[in-house]
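K.L.:
Build the 3D model from these lines:
(one chain, ligands or ions: 2)
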Amino acid sequence: MENGRANMKPVTGTSQVTCTAPVNIAVIKYWGKRDERLVLPINPSLSVTLSQDQLCARTTVAASLDFKKDRIWLNGQEQSIDAPRLQKCLGEIRRLARKRKHEEERMGDLLGCCVHICSENNFPTAAGLASSAAGYACLVQSLAKLFHIDGDVSHIARQGSGSACRSMYGGFVEWTMGKMEDGSDSIAKQIAPADHWPELRVLVVVVNAGKKAVGSTEGMQTTVKTSALIKYRAEHVVPSRQEEMRQAVLERDFQTFGEITMKDSNQFHATCLDTYPPIFYLNETSKHIIHLVHRYNQHHGKIRAAYTFDAGPNAVLYLLQEDLPEVLALFHHFFPATTNNSERQFVRGLPDVQRKELSADLLDSVGLEPSPGSVQYIIHTKAGEDPQVLTDPQQALLDENGLPKKQT
Ligand SMILES: Nc1ncnc2c1ncn2[C@@H]1O[C@H](COP(=O)(O)OP(=O)(O)OP(=O)(O)O)[C@@H](O)[C@H]1O
Ligand SMILES: C[C@@](O)(CCOP(=O)(O)OP(=O)(O)O)CC(=O)O
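P.N.:
Numbering: from 1, shown residues only. Ligands and ions are numbered 1, 2, ... in the order given. Predicted structure coming up:
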């Protein structure tokens with residue numbers, strides 16, 4: 001992978017670009033829009049971009065005068081190109097490209113071409129694992145490269161899915177609310193690069209990889225309409241929290257980082273409960289995980305692991321490398337794999353699983369009944385880089401005719 005120009009040819013035949021883009025998991029949550037059309041948030045948010053070695057979207061975009069219409073395939077299935085958010089991203093990219101056409105000789109006849117888009121995620125789609133963030137970041141990055149647009153395009157990714165703007169950067173990223181009516185200052189910015197905090201580890205605990213009942217877009221609309229708590233949160237809680245969190249990241253202060261992460265996740269889910277009718281994203285296993293983490297931290301008298309939950313029951317844990325063996329041992333003990341979720345695949349992305357003996361004291365402090373099979377699997381990962389261009393044509397998802405490659 002390299003972050004330079006893509007495998008682009010002049011538009012005599014087909015011009016094609018392939019990119020990958022990361023998932024990001026917020027530690028200060030975005031929930032609620034002040035402008036639905038432009039996807040402008042009611043509060044700023046802050047997230048960690050995850051490594052693409054474990055979780056990523058991959059997208060190939062191709063432009064050709066031979067294509068009759070714009071088309072998109074997602075995870076092997078052709079989808080409607082008329083989806084409003086897709087249209088918004090395509091339209092914005094073409095608008096920017098038109099504006100820059102006179103400065104860009106390379107643009108050639110690209111603007112007269114239709115595009116084919118093919119994308120896949122290497123993890124479950126629409127299951128509360130931020131597939132829309134990785135997916136729209138990947139789409140916008142690939143289209144920007146195809147149309148020779150340089151510079152920040154996070155304001156375009158934002159219009160695909162709000163959280164996608166944060167996946168345009170690696171490491172630790174904030175999404176500023178902005179004040180402008182056109183949303184041009186509601187953009188993502190990196191506050192620290194991926195290697196800023198090398199000891200930080202991330203465990204994505206997959207409780208349920210199925211499609212969730214209430215999508216984020218609809219869920220946050222109802223919250224904004226019906227919850228008094230969300231207004232209080234946006235006006236009186238998040239602004240100072242965002243500052244504290246930025247400082248905690250810059251100082252690699254895990255105690256503050258962990259505490260704010262858990263409190264912010266809890267408040268986000270409290271606003272879901274305050275929604276009318278209420279929205280429940282956490283399930284019994286999520287609650288077990290919350291208890292486990294608090295009792296574990298209490299046992300050690302400090303925060304050693306911090307949980308956060310998006311719009312679904314899956315937990316994401318932030319922790320430091322030195323505590324990884326113990327935390328994994330706790331999950332093996334309290335959420336043992338069954339034959340359906342076999343031991344070998346239980347923890348993914350960790351070459352040599354270090355096991356640690358748990359003290360009787362610690363097991364006693366946690367004091368939960370083991371719940372076999374309720375965690376499907378765990379992905380071990382860390383902070384990672386921004387979207388990448390893939391230059392090897394073998395990794396493209398479209399063939400030389402601009403059609404999805406046959407699966408082998
Ligand atoms: N690789 C992709 N390319 C383009 N669009 C994608 C891609 N992956 C997901 N999407 C879009 O995002 C939608 C899923 O978004 P949704 O918000 O429901 O789930 P999620 O992002 O997995 O969860 P959450 O945002 O709550 O963490 C898909 O239905 C599709 O429209
Ligand atoms: C709970 C969240 O993951 C919500 C993400 O919402 P989306 O970005 O998926 O919503 P839309 O802007 O409507 O597409 C919190 C977060 O990522 O900050």
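
K.L.:
so residue 42 makes contact with residue 224?
P.N.:
Yes: with contact defined as CB atoms under 8 Å, residue 42 counts as touching residue 224 (6.9 Å). Using the backbone N, CA and C atoms, a C-beta is placed for each residue, glycine as well.

K.L.:
between these two, what contacts are shared?
P.N.:
Common contact partners of residue 42 and residue 224 (CB atoms under 8 Å, 6 or more residues apart in numbering): 32, 33, 230.

K.L.:
Among the residues you listed, which are located in strands?
P.N.:
Judged by DSSP state E, the subset of the shared contacts of residue 42 and residue 224 located in strands is residue 33.

K.L.:
The nearest residue to residue 164 once chain neighbours are set aside and residue 158, how far apart?
P.N.:
Nearest non-adjacent residue to residue 164, counting by CB to CB, 6 or more residues apart in numbering: residue 136, 3.6 Å away. Applying CB to CB, to the nearest Å, one obtains 8 Å for the distance of residue 136 from residue 158.

K.L.:
Quick check: neighbours shared by the two?
P.N.:
residue 164.

K.L.:
on that earlier part again, confidence score at the residue nearest to residue 164?
P.N.:
Confidence at residue 136, expressed as pLDDT, is 98.

K.L.:
next one: residue 210
P.N.:
73.

K.L.:
Report how many residues lie close to it.
P.N.:
Residue 210 has 12 neighbouring residues, counting by other CB atoms under 10 Å.

K.L.:
show me where the protein has helices.
P.N.:
When assigned using DSSP state H, the helices of the chain occupy the ranges 84-100, 131-146, 154-160, 216-226, 228-232, 238-250, 254-273, 284-300, 324-334, 343-346, 360-366.

K.L.:
Can you show me the CA trace of the longest one as PDB?
P.N.:
Extracted in PDB, the C-alpha atoms of helix 254-273 (Å, rounded to 0.1, in the frame of the first residue of the first chain):
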ATOM      1  CA  PHE A 254      -5.200   6.500  30.300                       C
ATOM      2  CA  GLN A 255      -7.000   7.200  33.500                       C
ATOM      3  CA  THR A 256      -8.800  10.300  32.200                       C
ATOM      4  CA  PHE A 257      -9.100   8.800  28.700                       C
ATOM      5  CA  GLY A 258     -10.800   5.600  30.100                       C
ATOM      6  CA  GLU A 259     -13.100   7.400  32.500                       C
ATOM      7  CA  ILE A 260     -14.400   9.900  29.900                       C
ATOM      8  CA  THR A 261     -14.800   7.100  27.300                       C
ATOM      9  CA  MET A 262     -17.000   5.000  29.600                       C
ATOM     10  CA  LYS A 263     -19.000   8.000  30.900                       C
ATOM     11  CA  ASP A 264     -19.600   9.300  27.400                       C
ATOM     12  CA  SER A 265     -20.800   5.900  26.100                       C
ATOM     13  CA  ASN A 266     -23.100   5.600  29.100                       C
ATOM     14  CA  GLN A 267     -24.500   9.100  28.500                       C
ATOM     15  CA  PHE A 268     -25.100   8.300  24.800                       C
ATOM     16  CA  HIS A 269     -27.100   5.200  25.800                       C
ATOM     17  CA  ALA A 270     -28.900   7.200  28.400                       C
ATOM     18  CA  THR A 271     -30.100   9.600  25.700                       C
ATOM     19  CA  CYS A 272     -31.300   6.500  23.800                       C
ATOM     20  CA  LEU A 273     -33.300   5.400  26.800                       C
END
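
K.L.:
Which elements pack onto that helix?
P.N.:
When contacts are defined as 3 or more CB pairs under 8 Å, 6 or more residues apart in numbering; DSSP states H and E, helix 254-273 packs onto strand 24-28, helix 216-226, helix 228-232, helix 238-250, strand 305-309, strand 315-320.

K.L.:
which residue packs closest to residue 29, ignoring adjacent ones?
P.N.:
Using CB to CB, 6+ apart, the closest residue to residue 29 is residue 268 (4.2 Å).

K.L.:
got the contact list for that neighbour?
P.N.:
29, 31, 309.

K.L.:
Return the residues of the stretch 201-350 of the chain in contact with ligand 1.
P.N.:
Taking CB under 6 Å from any ligand atom, the part of the stretch 201-350 of the chain that reaches ligand 1 is made up of 215, 216, 310, 311.

K.L.:
give me the number of residues near the third one?
P.N.:
I take that to be residue 310. Residues near residue 310, counting by other CB under 10 Å: 25.

K.L.:
Turn the helices of the chain into JSON lines, including distance to ligand 2.
P.N.:
Compiled in JSON lines, those are given as follows (distance: least, CB to the nearest ligand atom, whole Å):
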{"stretch": "helix 84-100", "distance to ligand 2": "7"}
{"stretch": "helix 131-146", "distance to ligand 2": "5"}
{"stretch": "helix 154-160", "distance to ligand 2": "7"}
{"stretch": "helix 216-226", "distance to ligand 2": "3"}
{"stretch": "helix 228-232", "distance to ligand 2": "13"}
{"stretch": "helix 238-250", "distance to ligand 2": "11"}
{"stretch": "helix 254-273", "distance to ligand 2": "6"}
{"stretch": "helix 284-300", "distance to ligand 2": "13"}
{"stretch": "helix 324-334", "distance to ligand 2": "23"}
{"stretch": "helix 343-346", "distance to ligand 2": "25"}
{"stretch": "helix 360-366", "distance to ligand 2": "27"}
